[in-house]
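J.: structure, please.
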Amino acid sequence: MENKPLVSIVVITYNSSEYVLETLESAKAQTYTNIELIVSDDCSTDETVSICKKWLETNKDRFINTIMVEAEINSGVPANANRGLAECKGEWIKFIAGDDILVSTGIEEFVKKYEGGGDLVVCDLQRFHVDKETGGKIYGGIYPNEKRRKMLHFDLVTQQKSILTSFFIVTPALLIRHRLFDEIGGYDEEYRYMEDYPFAYKCLYNNHKFDYLPIKMVYYRVGHGSITSNVGVFYNERFYQCRKAFLQKEIYGQIPFWNILYWENEWVDRVRHYILYSICRNKKNKYTSMISKIITALSIKAWYDRED
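T.: Reported below is the predicted structural model:
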């Protein structure tokens, strides 16, 4: 065991009681043994904390170390991740949301197969949703898709240019070497409702490129409410405005005015938001869904960037 790197799994929770046991059990089921498990909760108002504490106490002997991190007030996704990060001792860190599931062989395959010297490694994820009638899991495709995989094989300079116009990082399947945070710091807490895009941008512009390793690491849950989407509505407005603030501060100034493809897509996105949020009151039904599809069809870039 002394020759095996310690891997820190950090489960990020916020009102995740319906799903978090599956996430914790998937950490326990890892075929790799040299793991510490940290649960970082952002002031959940449901039973998440008590469920996690009980589970950690019961299963603590499975791990090198277990820690429960709590917050007195809800402080947002980046701050929650940073609190978990502060407790990590592992060489590699794997963040996972408290509603996703780790593939049991994922960490072991990663340790065996990754031979690069990079600090950021994207693996594969598979989307799934739960059938409402049967309760069974229905699995979708494997991501990153072909377009994103090509970007992950680019050199640093090309990735730096690409991140300005296309967020190609599959963050739920990302592993991060601990030393990276010592160099560039943690997640940017200025953007309370998003951590992935600002972090990827900071990494690349501090000269750390993303590598790709084609192993399946995560089952990614879709079809339920999350920080970035809500059931029955089009926009989580807080996330939308947070993303808009990041783009205005960090990205827009680097996009040349003649990049018509990018600016046309931004214009379409603003129009879509105004109509669906301000006029249609953000309610999703068959009529507003049709309106959304029509507006989205106006964006050439959205068609090009769509996932397979």
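J.: rest of the way, CA atoms for contacts and neighbours
T.: Noted.
J.: same question for the helix ranked longest in the chain, mean pLDDT?
T.: Determined from DSSP state H, the single longest helix within the chain is helix 260-273. What helix 260-273 shows for mean pLDDT is 95.
J.: buried sites along that helix?
T.: Within helix 260-273, the residues scored as buried using 16 or more other Cα atoms under 10 Å are Y262, W263, E264, N265, V268, D269, R272, H273.
J.: could I get the phi/psi values of the closest residue to the last one other than its chain neighbours?
T.: The one in question is H273. Closest residue in space to H273, ignoring its immediate chain neighbours: Y235 at 7.9 Å, by Cα to Cα, 6 or more residues apart in numbering. For Y235, the backbone dihedrals (degrees, to the nearest 10) come out as phi -130, psi 130.
J.: just give me the neighbour total for Y235.
T.: Y235 has 19 neighbours, counted by other Cα atoms under 10 Å.
J.: and the pLDDT at it?
T.: 92.
J.: the helices in the protein, which residues?
T.: 20-28, 48-59, 77-86, 106-113, 146-152, 156-165, 178-184, 196-204, 237-246, 260-273, 286-296, 300-305.
J.: tell me which of these sits most buried.
T.: helix 77-86 (a mean of 22; mean count of other Cα atoms under 10 Å).
J.: got a list of contacts for that one?
T.: 10, 12, 38-42, 69, 95, 186-189, 191-195 (Cα atoms under 8 Å, 6 or more residues apart in numbering).
J.: with distance to K132 added, can I get the helices of the chain in CSV?
T.: Formatted as CSV, those follow (distance: least, Cα to Cα, whole Å):
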stretch, distance to K132
helix 20-28, 17
helix 48-59, 23
helix 77-86, 28
helix 106-113, 28
helix 146-152, 31
helix 156-165, 37
helix 178-184, 39
helix 196-204, 30
helix 237-246, 27
helix 260-273, 29
helix 286-296, 20
helix 300-305, 30
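J.: the residue nearest to F234 when sequence neighbours are not counted: what's it in contact with?
T.: Leaving aside its chain neighbours, F234 sits nearest to N282 (5.7 Å; criterion: Cα to Cα, 6+ apart). When contacts are counted by Cα under 8 Å, 6+ apart, N282 touches V233, F234, Y235, L276.
J.: done for today, thanks.
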